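**Q** Build me a structure from this.
(chains A and B)
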Amino acid sequence: MADISVILPDGSTRSLPLGATAGDLAADIGPGLAKAALIATVDDVEVDLSASLADGQQVSIITAASDAGLETLRHSTAHVLAQAVLEMYPGATYAVGPPIQDGFYYDFDLPDGATISDDDLEAIEARMQEIIAADQPFERHEVSAAEGLDLFADHPYKREIIETVAMASTAGGKGDSADELADEVSGDGRISYYRNSDTFIDLCRGPHVPSTGRLGHFKLMSVAGAYWRRDAGRPSLQRVYGTAWASRKDLAAHLHRLAEAEKRDHRRLARDLDLLSWPTELGPGLAVWHPKGAAVRRIIEDYSRDRHDDGGYQFVYSPHIARSELWETSGHLDFYRESMYPAMEMDGASYLPKPMNCPFHVLIYKSSQRSYRHLPIRMFELGTVYRYELSGAVHGLMRSRGFTQDDSHIFATREQAPAEIASLLAFVLSVLRAFGFESFDARLATRPQEKSVGEDAEWDLATEALREALTAAELDYAVDEGGGAFYGPKIDVDVRDAIGRSWQLSTIQVDFQLPERFGLEYVGADGGRHRPVMIHRALMGSIERFFGVLLEHYGGAFPAWLAPVQAAVLPVAASHGDYAAEAQARLSRAGFRVEVSDAQEPLGRRIRAAKLQKLPYVLVVGDDDVAHGTVGVNARGSDGDERGVPLEDFAARLGDEVDAHR
RNA sequence: GCCCGAGUAGCUCAGUCGGCAGAGCAGCUGUCUUGUAAACAGCAGGUCGCAGGUUCGAUUCCUGUCUCGGGCUCCA
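**A** Next comes the predicted model:
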C-alpha cells in the first residue's frame, strides 16, 4: 500500500497510509493530541479532522489551545444551539450563527412572532446538553447550490444565503452584501452543510469539531433583537448569545471576569460612591456631578491644564451655541445634521448647540493675520459639546449627549505637521500613562468612501504623516479602512484597563478641509500667503468618558492623588474627637482631602463604612495617639494596621504617594 | 431610531390568582463611648414610572407613553 508524506509545523515529515485523514495523523502523533484535536489546517486552510490528506501537504492539528480551535468550538456550539431551538420551537427557522469574542450567537425567527425570553435559556441549555451527551457526529456534505435550495426549502434565510453567496459567485464576482455572509458557505457554486442527526442539518462552510461530545463548557447569556443582515428594513430576529470555552475552568474564569466587570460598572460605582447621578428629569445621557465626583473631575481637569500649560498650549473659551451659518461653512450641517440638536430660532437667525469646538478655534485663528513665525499655534479648551446620540446608544458616561472634550487644535505649516503630530502622539501617551494606563492599541483610520470631502492627494499626504508618527512612537497599529472623519484621516488610541478591556480615548486628526473652508492663511517667509494645516486632538476624548473608564479601571479605588477623600480620621471615643479634628485640620492645611467620622457609632461600623467607600486610608486615633501625636494607619488593601505612626510621617507618606500618582 | 426585557421606599429585592403595600440596608431620633469591616431601641419613608381604558374596585388585566438594561445601528 502506498504511503503519503505530510509536513508538520516543526518542519518534520510523517508518513501515513494513503487515504489517511487529519484525525488519523493526530492519532499517529499521539493519543493526547488525538483527544485534544478539534480541526486541522492543510496548507493553511482549516478542515475537519475527517478530511483526507494528500502527499506533500503541510498539516497542523488544531486544538482549543489556539484561537482557531476555540473559534471552531464556539461555532459548533452555535450549531447545537440552533438544533435545540429548532427542536423546541416547531416552525422556527434559523439565520446565521457565527463565533464571536468569547462565544457565539445564533439568530432565529420564531413562528407567529414568538420570542425567547431570558427565562427560556435554561431549558434551551438543558436540551443542548442532551445533544452534547448524545455525542452526535458533525458530518460534512457538499452539494450544488440548486440541491442546497431544495434541502433548505423551508428555511428562507438559508436560501437567501445560498442565493447571495453561492449563486452570485457563479455569475461572476460577489457584491458587498455577499461578503458578510461569506463565512457561511464557500463561494464556488457548491455549498457545504453539516448533518449531526437525522433531523438536523445546517448550512455551513465549516470546519466543525468531530462530534457534539467535544463541546459542553458553555452558557447561554442573553437574548437580543437583531436585524436580518444588519438591515433595519429587514425582519427582526431573535439573537441568542452564548459563551463557550475549552474547559470548565475557562468557563468559570470567564464568568468570574464578567462578574468582576459588573462590580466595576461605572454606573453602579457612581451611585455607591456618591459621585454622580442621572436624574430622569434631565433626559437620557445627561448627568449631574455630586461633590465627590466633581472633586475627582476637578483633579483630572487641573492635571490636564497643567500639562497643556507645559506643552505650549494657549487656553481659549468658546460659547455653546452658534448661528447655523457657521455650521454650514464648517460642513457639519451637511454631514452630521442628524447628530446635532435642532436649531433655536431667535431674532431672525437660527442657533445650534455645538457638536464640536473646532469652528470656534478656527475663528480665533482667523481673528488676526498670522505669520509663519507664529506657527504652530496650539489652542486648548475644555469645551462642552452636545450630540444627539440615538436613545438606544446612550450608555452612562461612556456615551452621553452632553460632554466635555479636552479639545485642542493645532495650526501648523505643512512642513511642521509631521513633527507636530509625532510630538503630539508622545504627549498623548505621556498623559495617559500618568493616569495609570500602560497598554495601548492604535488605529489609523483612512478616508471614508462616502461622506468625505477633499482631494485624494491631500488625504494621502495626511495619512502618511499619521503613519510616520505611529512608527516614530513605536506604537503597533491596525488600519481602519474608511474609518476617518469626513474632513481627514485620524489616529485613534485605545487604552487597556485593569481587567483587559479596551476603551477608545484619544484621537488625532489631520484636517486640510476646515482651513480651506474658512480660508485660513499665514504669511510665509517668502512674503506669500499660504494655507495652514489643522490638527484636531482630543486626548482623554471626553472628560466624562475618561472619568468613567478611570472609575472602572480602578474599580472605584482611586489612587490617592485622585481619591475624592484621601483619608478619614476616626476617633475611638468621643473624648478623642478634638484630637481627630486637629489631625484633620493639619492634614487639610497640608493640602490633603480628609474627613472625620465622629464617635456616634461603634468603631468597627465606621471602619466598615470607610472601607466600602474605598478610601485610601483610615486613620484611627485613641488615647495613645492623643498622648504621642500619632495615628493608627489602616491602608486600603493592606491586611493589618500600623499603630503609633507620627502624624508628620503619615503626611509625608501620603504626599509621596500623591506626587508619584500611586 | 429598531428588537428583546425590566420599572414596587434612597439602595437591593419580596408581594398582591383585582380588595387599605412588606423586609433588609441606608436615613432620622434616643441610648451606648467604643482600638480596626455591621451596638441596641424607636421613628419616618411609597399616587407600586406616567397617562388612558376595563372594573363596584387597578400597583396587579389591556393600550399608549417615558426611563433604564441588553443587543442592532451609529459613534465628528
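
**Q** Show me which residues of the stretch 301-450 of chain A sit near RNA strand B.
**A** Proximity of the stretch 301-450 of chain A to RNA strand B (C-beta under 7 Å from any atom of the strand) is limited to residues A:332, A:336, A:339-340, A:355-356, A:387-396, A:399. No exception for glycine: its C-beta is placed from N, CA and C like everyone else's.

**Q** out of those, which are buried?
**A** Neighbour-count burial (16 or more other C-beta atoms under 10 Å) is assigned, among those, to A:332, A:336, A:340, A:355-356, A:387-389, A:394, A:396, A:399.

**Q** Show me which pair in those is furthest apart.
**A** Spanning the widest gap among these are A:332 and A:396, at 25.8 Å by C-beta to C-beta.

**Q** give me the low-pLDDT residue ranges for the stretch 51-200 of chain A?
**A** A:112-114, A:118-119, A:165-189 (pLDDT under 70).

**Q** With chain A instead?
**A** Applying pLDDT under 70 to chain A flags the ranges A:1-2, A:112-114, A:118-119, A:165-189, A:231-233, A:451.

**Q** longest single helix anywhere in it?
**A** Longest helix in chain A, counting residues (DSSP state H): helix A:67-88.

**Q** Moving along the chain from that one, name the first helix or strand you hit.
**A** Downstream of helix A:67-88, the first helix or strand assigned by DSSP states H and E is strand A:93-94.

**Q** Within range of RNA strand B, give me the residues from the stretch 101-250 of chain A.
**A** Checking the stretch 101-250 of chain A against RNA strand B by C-beta under 7 Å from any atom of the strand, the hits are A:113, A:115, A:117-118, A:222-227, A:230, A:232, A:236, A:238-239, A:241.

**Q** In strands, which of those residues appear?
**A** Counted as lying in strands by DSSP state E, out of those, are A:222-227, A:236, A:238-239, A:241.

**Q** For those residues, work out which two are farthest apart.
**A** Taking C-beta to C-beta as the measure, those span a maximum distance of 17.0 Å, between A:222 and A:227.

**Q** and these two? which has more neighbours close in?
**A** A count of neighbours by other C-beta atoms under 10 Å puts residue A:227 above the other of residue A:222 and residue A:227, at 14 against 11.

**Q** Quick check: the gap between the closest residue to that one other than its chain neighbours and residue A:109.
**A** Counting by C-beta to C-beta, 6 or more residues apart in numbering, residue A:227 lies nearest to residue A:234, which is 5.3 Å off, once chain neighbours are set aside. Separation of residue A:234 from residue A:109 (C-beta to C-beta, to the nearest Å) stands at 11 Å.

**Q** Give me the common contacts of those two.
**A** Common contacts of residue A:234 and residue A:109, defined by C-beta atoms under 8 Å, 6 or more residues apart in numbering, comprise residue A:228.

**Q** Mind checking which of those two has more residues around it?
**A** It is residue A:109, of residue A:234 and residue A:109, that has more neighbours when counted by other C-beta under 10 Å, with 20 against 12.

**Q** mind checking the end-to-end distance for stretch A:496-503?
**A** Stretch A:496-503 has an end-to-end distance of 6 Å (criterion: C-alpha to C-alpha, to the nearest Å).

**Q** how many other residues sit next to the nearest residue to residue A:479 once chain neighbours are set aside?
**A** Nearest non-adjacent residue to residue A:479, counting by C-beta to C-beta, 6+ apart: residue A:444, 5.1 Å away. Neighbour count for residue A:444, taken as other C-beta under 10 Å: 20.

**Q** helix or strand for residue A:444, which one?
**A** Counting by DSSP H and E, residue A:444 is found in strand A:440-445.
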